[in-house]
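**Q** Requesting a structural model of the entry that follows:
(2 chains)
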Amino acid sequence: MRLKNLSPHELKPLLLGCKHSALISQIHAFMVSSGLFSHGNTIAQLISSYGKVGDLESAHKLFDKIPLRRVDSWNAIIIAYSNNEFPVEVVNIYNQMVLERVKPDSSTFTVALKACTILQDLEKGEEIWKKVVEFGYENDVFVGSSVLNLYAKCGKMDKAEAIFEKMQRRDIVCWTTMITGFVHSGKGREAVDLYQRMQREGMVGDSVVMLGLMQASANIADIKLGSSVHGHIIRRALPMDVNMLTSLVDMYAKNGQLEIATRIFREIPCRNTVTWSALISGYAQNGFAVNALELLIEMQLLGFTPDVAALISALLACSDIGSLRLGRSIHGYVARKVIMDQVLSTALIDMYAKCGLIYCARALYDRISFKDLICWNTIIACYGIHGHGREALSLFQQMKNKIEPDHATFAALLSALSHSGLVEEGRHWFDVMVNEYKIKPSEKHYACSVDLLARAGEVEEAKDLIISMETKPGLAVWVALLSGCHKHKKFSVGELAANRILELIPENTGTLVLVANFFAAAKMWDKAAAVRKLLKKTGMTKVPGYSAVEVNGRLHAFLMDDTSHPQYEQIMGLLGNMENEMKAMGYVPKTDFVLQNLEEDVKVKMLCNHSERLAIAFGLLNTAPGTRLLITKNLRVCGDCHEVTKFISVIVKREIIVRDVKRFHHFKDGICSCGDYW
DNA sequence: TTAGGGTTAG
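**A** This next block holds a predicted model:
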C-alpha cells in the first residue's frame, strides 16, 4: 500500500477499516515520518483503531506519548478498554482524567458508568453521577440510561425510578433499561405496566423490549403475555435471530409449554449453546429430568460443549430423580473443565444433598470461602429435608451475623424446624421474621408454620394462625392443617379444612385424593365417596405413586402393584420372606394407611405392593450386600412402609435412604433419621 | 457519531 500521498483527512476512513494491528502500526509509522502525527483527531482515531483490534498495549503507549491530551484522546483510550472488557482500567483512567482536571464529556461518563455497572460498584457510580450533574450532563439520554442501568443492575430499582421520572427526554433505551431492570429484580408485573405506559407515550418497542417482555412473561407465568409478544414480533417482522428464537424457547419452556418450546427449538437452523441450555433448563425445571439429560447428551453428540447453565440444569435433573451416579459424573466433568463458581457450587451442594449424601454437600459448602444468600438458603434447606432441624438452625444463626436473611431463608428454616418437630423454635422464629426482620409472611411461611403446629398435634393453634392471615388462605395452608388433623385423628378441625379445600376447587388431583383419604380415615364414607366421584367426574385421576432406585447407574422405576416387572416373582418372594422375619420381630401391619373401606386381609395385601417396597426389594436383589440404597418417591411415603423399612434395614444390615416428595428418611439399624416424626 | 438497553443457571 502507498501511504505517501495521503492527507490526514484521507487517513481516517483508511484507519476505520483496519482489522490488523500490523497495518495500523504501518499507518502510525507513516504518520510519524510525515509529520502528521501532531494532528489531534487522527491520533484519537489511531488509539481507537488499536483498541478495536484488541491491541491495548499499542493504544496505551500511543496515548502516553501525547503531550497535550484532549478529551477525544481520553475517550478513545477509555472506550478501547471498555470494549475489551477491562472495567477496572476504565475506572482508573477516569480517575486519572479527573485528577488531571480534564473535563469529561457524555461519552466518558457513559463508559465510566457502564464500568461501574459491570463491577457492581454503586459507590463509585454515584460519585461519577455527582460529576455528571456538576458538568450539566444529567439530561443526556446516553448518560441517563447508563445511570439507570447502574441502579437497576445493583438492585436499586427505586433509585432508578426516581431518576427515570425526572428525565426530561427518554428514548427507547431508557425505557428498555427500566423494563429489563424490573424483570431482573423479579418484578415482571411492573415491567409490563411500564411497557404499556411506554406505548401510551407513543414509543414502539424494538427487539430488545420484546426480549424483556418475554422474560417478564416467564417471570410472572403469564403465557398470554408471552404469546402476544410472539405475535407482535411476527407482525412487526422483527428480526428472528438466534437470540430472539432462544428467548421464545425459554419463554414457552418456562411457562410449561414444552411441546411448543421443543417445536421452535427443532426448527432453529443455527442453534448455539445458549439455545440448548434454555431448553435443557426448561425440561429440568418442569420435572422432565430424563428429557433434560437426554438433551444434554444430544447436544454433546452434535459437537456442542455444555456451558455452566446447561450443567447446572443437568444437576437439577439429577437431584430430581436422585441419580447420584450421573450427578457425580457431572461433578467430575465440571471439576476438570469448568471454573467453579458460586452458582455451580450451590447446584452441586443441592445435588449431593438430594441424592442422600448430606456430608458431601456439607464438605463442598465448607470449601466455599464467600457464601452468598442462595448458598446459605440452600444448605439450610438441605439440612431441613434431611430432618436435621438443629443443624439448620445453627447454620441460620451463623448466617444472620454475616448476611441478611430473606423470605426464602425463613421458608427453609421454618420447614426444617417443622420436619424436626421443633415447635417452640418454630413459633419463636416466625415471630422474629415478622417483628425483627419485617418480612411479611407469605402463604409458604404460613404453610410451614401450620404444618409445624398441626403435625405436632396443635391443630387448634394452627387453625387460629390461618384465621389470623391478612390475605385469603390458599390451598397450601389448609392442606397442611388437614394433614396434621389426619395424623392426629382430629376429625372435626380436619373436616373444616377439608371443606375449605373443596371450596377452593383444587386442580391438583393429589389434593383431592388427600381429602378423600381423610374422609375415609374419619370413616365419613359418604363424603369420601362424593370426593372420589368428583375426581372421576372431572376426568381427573390419581397421580400414580411411583418409586425409583438407581442400580448400576440405571434408574428403575416401580408403580404400585407393578406385576409386569421381569423380576416380580423374585421381588415378591423376598418381600414375603422378610415379612415373616419382621412378624417374628414384632411387626404389625398398619392397615390404617389403606384408606378404603376394605376387608383387613385385602388391606394387608395392598400394603405389600406399595411401590417403595418393590423398589427396595429390587435394589436388594441387584446390588452387593452392604450397598446403600437410595429410593426416590414422587408422593409421601406411607406409615406402614416407613415401619417396614426400619425392619428391613435390620434384617439386611443396610442403610436405606428414602426420599419422598417432602423429605428424607435415612434408615439404619432399625432407626429412621426422622425419629418417626414426619 | 467513538458512547447507553438484550438469550440459558443455584
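**Q** Now the closest residue to DNA strand B within the stretch 401-550 of chain A: closest residue in space, sequence neighbours ignored.
**A** Relative to DNA strand B, the nearest point of the stretch 401-550 of chain A is A:Ala408 (10.8 Å; Cβ to the nearest atom of the strand). (C-beta placed from N, C-alpha, C; glycine too.) Spatial nearest neighbour of A:Ala408, chain neighbours left out: A:Asn377 (4.9 Å); criterion: Cβ to Cβ, 6 or more residues apart in numbering.
**Q** With A:Phe288 instead?
**A** The shortest distance from A:Phe288 to any residue other than its chain neighbours is 6.8 Å, reached at A:Leu258 (Cβ to Cβ, 6+ apart).
**Q** mind checking how far that neighbour is from DNA strand B?
**A** 13 Å (Cβ to the nearest atom of the strand, to the nearest Å).
**Q** and A:Gly426, what does it touch?
**A** By Cβ atoms under 8 Å, 6 or more residues apart in numbering, the contact set of A:Gly426 is A:414, A:417-418, A:448-449, A:452-453.
**Q** okay, these in CSV with neighbour count, distance to DNA strand B and pLDDT next?
**A** Shown next, in CSV, are the contacts of A:Gly426 (neighbours: other Cβ atoms under 10 Å; distance: Cβ to the nearest atom of the strand, whole Å; pLDDT from 0 to 100):
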residue, neighbour count, distance to DNA strand B, pLDDT
A:Leu414, 27, 19, 97
A:Leu417, 28, 21, 96
A:Ser418, 29, 21, 93
A:Cys448, 28, 19, 95
A:Ser449, 28, 24, 96
A:Leu452, 28, 24, 94
A:Leu453, 26, 29, 95
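**Q** Return the subset of those residues lying in helices.
**A** Judged by DSSP state H, the contacts of A:Gly426 include A:414, A:417-418, A:448-449, A:452-453 as members of helices.
**Q** can you give me phi and psi for A:His610?
**A** Note on A:His610: its backbone torsions stand at phi -60, psi 140 [degrees, to the nearest 10].
**Q** which residues touch it?
**A** Applying Cβ under 8 Å, 6+ apart, we find A:His610 in contact with A:545, A:560, A:638, A:640-641.
**Q** For the residues you listed, pick the one with the most neighbours.
**A** Counting neighbours by other Cβ atoms under 10 Å, A:Cys641 comes out on top of the contacts of A:His610 with 26 neighbours.
**Q** Just confirm that residue contacts A:Ser611, I think it does.
**A** No. Counting by Cβ atoms under 8 Å, A:Cys641 sits too far from A:Ser611 to count as a contact (9.0 Å).
**Q** near DNA strand B, which residues of the stretch 301-450 of chain A show up?
**A** A:307-310, A:312-313, A:316, A:341-347, A:350, A:372, A:374-375, A:378 (Cβ under 7 Å from any atom of the strand).
**Q** Please pick the buried ones from those.
**A** Buried by 16 or more other Cβ atoms under 10 Å: A:308-310, A:312-313, A:316, A:344-347, A:350, A:375, A:378, out of those.
**Q** Helix, strand, or coil at whichever residue of the stretch 501-650 of chain A sits closest to DNA strand B?
**A** Closest contact between the stretch 501-650 of chain A and DNA strand B, by Cβ to the nearest atom of the strand, is at A:Thr632 (17.2 Å). The local conformation at A:Thr632, judged by DSSP: H, G, I helix; E, B strand; the rest coil, is strand.
**Q** Double-check it against A:Arg663; I have them as touching.
**A** No. Counting by Cβ under 8 Å, A:Thr632 does not reach A:Arg663; the two are 11.8 Å apart.
**Q** Between these two, point out the one with more neighbours.
**A** Per other Cβ under 10 Å, whichever of A:Thr632 and A:Arg663 has more neighbours is A:Thr632, with 26 against 21.
**Q** Make JSON lines out of the buried ones among the residues of the stretch 301-450 of chain A next to DNA strand B and add pLDDT and secondary structure.
**A** What follows is those, written out as JSON lines (pLDDT from 0 to 100; DSSP: H, G, I helix; E, B strand; the rest coil):
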{"residue": "A:Val308", "pLDDT": "94", "secondary structure": "helix"}
{"residue": "A:Ala309", "pLDDT": "96", "secondary structure": "helix"}
{"residue": "A:Ala310", "pLDDT": "97", "secondary structure": "helix"}
{"residue": "A:Ile312", "pLDDT": "97", "secondary structure": "helix"}
{"residue": "A:Ser313", "pLDDT": "98", "secondary structure": "helix"}
{"residue": "A:Leu316", "pLDDT": "97", "secondary structure": "helix"}
{"residue": "A:Leu344", "pLDDT": "95", "secondary structure": "helix"}
{"residue": "A:Ser345", "pLDDT": "96", "secondary structure": "helix"}
{"residue": "A:Thr346", "pLDDT": "96", "secondary structure": "helix"}
{"residue": "A:Ala347", "pLDDT": "97", "secondary structure": "helix"}
{"residue": "A:Asp350", "pLDDT": "97", "secondary structure": "helix"}
{"residue": "A:Cys375", "pLDDT": "97", "secondary structure": "helix"}
{"residue": "A:Thr378", "pLDDT": "97", "secondary structure": "helix"}
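**Q** quick one: contacts for the closest residue to DNA strand B within the stretch 351-500 of chain A?
**A** Proximity of the stretch 351-500 of chain A to DNA strand B (Cβ to the nearest atom of the strand) peaks at A:Ile374, 3.7 Å away. A:Ile374 makes contacts with A:342-343, A:346, A:408, as judged by Cβ under 8 Å, 6+ apart.
**Q** Let's check: the centremost residue of chain A is which one?
**A** A:Gln285 (8.3 Å; Cα atoms, centre = their mean).
**Q** pLDDT below threshold where in chain A?
**A** Scanning chain A for pLDDT under 70 picks out A:1-9, A:11-13, A:35-41, A:539-543, A:591-608, A:678.
**Q** Make sure I have this right: A:His556 is in a strand.
**A** Yes. Under three-state DSSP, A:His556 sits within a strand.
**Q** you'd agree it is up against A:Phe618?
**A** Yes. Using Cβ under 8 Å, A:His556 makes contact with A:Phe618 at a distance of 6.0 Å.
**Q** how about the strands of the stretch 501-650 of chain A, start to end?
**A** For the stretch 501-650 of chain A, the strands defined by DSSP state E, counting those that start in this stretch occupy A:546-551, A:554-559, A:629-633.
**Q** What strands flank the second one, and is each parallel or antiparallel?
**A** This points to strand A:554-559. If you go by DSSP bridges, strand A:554-559 pairs up with strand A:546-551 (antiparallel).
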